[in-house]
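*Asks:* model this:
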Amino acid sequence: MYKQVSRGTFIFAALTMILFAALCATPSFSQESPASPPSGRVEDLQHRPPSVSPTSSSIALTVPPGTPLEVALDKELRVRAVGQPVQGRLIEPVYAFDQLVMPAGSIVTGKVTKIESVSAGHRTEAALNADFTPARKIEIEFDEAALPGGKHIPLQTTVAPGSGQVLDFVAPAQKQTGVVAAKVHQAREQARSEWNAALNQLHSPGKLHRVERYALAQSPARPQYIEAGSVYFAELQAPLDFGNEPLTPRMAEAIGNLPADGGVVHARLATPLTSAANHKGDIVDAVITRPLFDGDRLIVPQGSELSGTVVQVQPARRLSRNGELRIVFHELRLPDGLQQKIDANLESVQAGKSANLKLDSEGGAQATTPKTRYLSTAVSLGLAALSARGDEDAAPTDTAGTTGGRIAGGAGGYKLIGVALGVAVHSRAFGYSMGAYGAGMPVYKHFLARGRDVVFPKDTAMQIGLGTHQEAPAAPPSPAGS
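*Replies:* Residues are numbered from 1 along each chain as shown. Next up is the predicted model:
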């Protein structure tokens, strides 16, 4: 009996030891530290997207969804029907990482997808101003791009709101001096040259054609045209793949090392801004659309992101006081996820010609009032004066007044409709009323009403001057006992 117990105890102890040894030999995945990446920084590996992996030997040249293609109509388009073909050209090149994949001047084709109707209220208001064919909102999409080499690329795009206007290149006056200022000025001039070269490929109308279109615009019934040079931002709905390129150690080492005098990058605004709604401290994001090189070294690849804030904002106010907006960027995020502190300001911006925008020497934007307000106001006041002067020739008891006075007052009030009413309605009071209305509206609109706000829509193209962020030196220790 003793031997049987001893033998059973021995077998139980042996099995327990074998099981314990097996458990000790099993790796514990929850406690084992992962292998460090080649750079020695775990966070580098955690934030790098698959296309820019530190262990990868190639980079995917992909234009991601949401990227806007800036397309300008290369000739005037008379709007006729849905499905009507549309053709334009890229006026901003498209890059993938450090490679040019779609040069400026590439032909982009599409079609009219929707012609919206005009509401009854808007149509009535337009008719009172002698406009029986008010402009309708036109929606366009682009579905194919033809590259200079003959390659055709199918596109899936959605035209961003606010597209369809003629843009201008706005830059502040050059006041600073020095190496950095010279570099910024050179970048501005290069951007302006590229912009003008892109516009020269369009079929811009001549002076006679513009005069004809202006005369046609004054007629009460007319066809609708979209002006040559009107810019549309066609956002990609599907990515464009242009293959891969090797990632060399020299390229990886140079990325993110900004030169001492900084640089100027092309970017598009990812956050719409307006002086009417934004506040000081609001976050601003932008995406770099062109790579930045220092000689032949890639410093900042396409797809890098800029983050900043609104530092000054003033909404438009009464008495025709216009809005102001100033933004700065203080952080650069590379495609591999690394972040770098920078000091960056707005150097130039694309804006609609009707926006009347200007930049100061530090990159602050301010809306301006067009100088034509003085001319239009003077014309209205002159018509009002003629309506009163014409009635001086009439007898005091003549309640009808003179026809010329009534016509002048009607023209100042409601243009062609006012002229017709001035002939038909034999009332001196009518001429006075229409003249007063015609004189009062431009005075109120241009001098008393709320001014213009600064508006930067999403995808607004900008040039941004970069500089490294310099930390303030630590104060020396105070002497003992001081």
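
*Asks:* okay, CA-based contacts and neighbour counts for the rest of this
*Replies:* Will do.

*Asks:* quick one: the strands in the stretch 1-150 of the chain?
*Replies:* Under the criterion DSSP state E, counting those that start in this stretch, the stretch 1-150 of the chain contains strands at 58-63, 68-73, 77-78, 85-90, 94-96, 99-102, 107-115, 138-146.

*Asks:* out of those, deepest packed?
*Replies:* Most buried of these by mean neighbour count (mean count of other CA atoms under 10 Å) is strand 68-73; its value is a mean of 27.

*Asks:* in space, what's closest to Pro68 - neighbours in sequence excluded?
*Replies:* Of all residues not flanking Pro68 in the chain, Glu235 sits nearest, at 4.1 Å (CA to CA, 6 or more residues apart in numbering).

*Asks:* and the one you found, what is it in contact with?
*Replies:* Neighbour list for Glu235: 65-69, 157-160 [criterion: CA atoms under 8 Å, 6 or more residues apart in numbering].

*Asks:* outline the domain layout of the chain.
*Replies:* Domain assignment for the chain by automatic domain parsing gives 59-211+224-240+253-369+451-466, 372-448.

*Asks:* quick one: average confidence on the shortest one?
*Replies:* When you say that, I think you mean domain 372-448. For domain 372-448, the mean pLDDT works out to 60.

*Asks:* if we can go back for a sec, could you tell me the least trusted of the domains of the chain?
*Replies:* Mean pLDDT per stretch puts domain 372-448 lowest among the domains of the chain, at a mean of 60.

*Asks:* quick one: end-to-end distance for that domain.
*Replies:* 16 Å (CA to CA, to the nearest Å).

*Asks:* in the longest strand seen in the chain, which residues are buried?
*Replies:* The longest strand of the chain (DSSP state E) is strand 339-352. Across strand 339-352, burial judged by 16 or more other CA atoms under 10 Å covers 340-352.

*Asks:* other SSEs contacting it?
*Replies:* strand 165-170, helix 179-200, strand 324-333, strand 461-466 (3 or more CA pairs under 8 Å, 6 or more residues apart in numbering; DSSP states H and E).

*Asks:* mind putting the buried residues of strand 339-352 in JSON lines, distance to Asp360 included?
*Replies:* Formatted as JSON lines, these follow (distance: CA to CA, whole Å):
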{"residue": "Gln340", "distance to Asp360": "27"}
{"residue": "Lys341", "distance to Asp360": "24"}
{"residue": "Ile342", "distance to Asp360": "21"}
{"residue": "Asp343", "distance to Asp360": "17"}
{"residue": "Ala344", "distance to Asp360": "15"}
{"residue": "Asn345", "distance to Asp360": "11"}
{"residue": "Leu346", "distance to Asp360": "10"}
{"residue": "Glu347", "distance to Asp360": "9"}
{"residue": "Ser348", "distance to Asp360": "10"}
{"residue": "Val349", "distance to Asp360": "12"}
{"residue": "Gln350", "distance to Asp360": "15"}
{"residue": "Ala351", "distance to Asp360": "15"}
{"residue": "Gly352", "distance to Asp360": "18"}
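
*Asks:* pick out the most distant pair among these.
*Replies:* Gln340 and Gly352 (32.7 Å; CA to CA).

*Asks:* between the strands of the stretch 1-150 of the chain, which gets nearest to Gln312?
*Replies:* Nearest of the strands of the stretch 1-150 of the chain (CA to CA): strand 68-73, 27.8 Å.

*Asks:* tell me where the stretch 301-450 of the chain has strands.
*Replies:* Going by DSSP E, counting those that start in this stretch, the stretch 301-450 of the chain shows strands at 305-314, 324-333, 339-352, 357-359, 365-367.

*Asks:* so who does the closest residue in space to Gln156 that isn't next to it in sequence touch?
*Replies:* In this structure, Gln156 finds its nearest non-sequential neighbour in Gln237, 5.3 Å apart by CA to CA, 6+ apart. Gln237 sits next to 65-66, 156-158 when contact means CA under 8 Å, 6+ apart.
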